[in-house]
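Peer 1: got a predicted structure here, sequence first:
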Amino acid sequence: MLQNLKILIPDHVITEAVFSNSRSIIYRAIKTGGGQLALIKLACQDSPSSEFSESIRLEYNILQTLGGEGALVPRALVDCDNGPAIILDNFVGEPLDQYMAGAPLDLDLFFCVALQLV
């Protein structure tokens with residue numbers, strides 16, 4: 001699958017899969033020419049549903065309006081053979097479900113994060 005993505009995502013070389021679920025997959029990539037790291041989110045399926053394509057476009061639009069420390073920064077929304085993909089600035093982190101595995105989120109940390117989002 002990595003070989004196909006080199007063709008589908010112009011100017012990027014995929015280095016690793018970072019996260020996946022039943023609908024989407026996120027890859028870390030390097031932009032050719034500049035060497036900048038990026039995250040690329042796209043559908044897991046070869047032909048995603050129109051609902052997924054619409055939700056990815058909406059997610060991109062929402063990400064454009066967010067700002068502040070810790071917010072993902074979208075670079076581009078590109079159309080690929082298997083639907084739209086969001087190219088994001090690289091962000092090193094851990095999925096929330098992995099972070100919380102085995103223990104609930106501390107309330108102080110929860111409120112600290114919640115206040116940053118509003």
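Peer 2: Received, thanks. Numbering: from 1, shown residues only.
Peer 1: can you report how many residues neighbour residue 28?
Peer 2: Residue 28 has 18 neighbouring residues, counting by other CB atoms under 10 Å. Placement of C-beta: from N, CA and C, glycine included.
Peer 1: that one - that's part of a strand, no?
Peer 2: Yes - counting by DSSP: H, G, I helix; E, B strand; the rest coil, residue 28 is part of a strand.
Peer 1: that one bridge partners, please.
Peer 2: Under the criterion DSSP bridges, residue 28 forms beta bridges with residue 16, residue 39.
Peer 1: correct me, but it touches residue 12?
Peer 2: No - judged on CB atoms under 8 Å, residue 28 makes no contact with residue 12 at a distance of 9.9 Å.
Peer 1: residue 102 sits in which helix or strand?
Peer 2: Under DSSP states H and E, no helix or strand contains residue 102.
Peer 1: which stretch of helix or strand covers residue 98?
Peer 2: For residue 98, the element it lies in under DSSP H and E is helix 96-99.
Peer 1: and stretch 111-118, what's its mean pLDDT?
Peer 2: Averaging pLDDT along stretch 111-118 gives 80.
Peer 1: same check, this time on stretch 58-69
Peer 2: Mean pLDDT, stretch 58-69: 86.
Peer 1: give me the contacts around it.
Peer 2: Stretch 58-69 has contacts (CB atoms under 8 Å, 6 or more residues apart in numbering) with 41, 71-74, 77, 84, 86, 88, 116.
Peer 1: how many neighbours does residue 36 have?
Peer 2: Here the number of neighbours of residue 36 (other CB under 10 Å) works out to 13.
Peer 1: how about it, what does it touch?
Peer 2: By CB under 8 Å, 6+ apart, residue 36 lies in contact with 30, 90.
Peer 1: for the chain, longest helix please?
Peer 2: helix 50-65 (DSSP state H).
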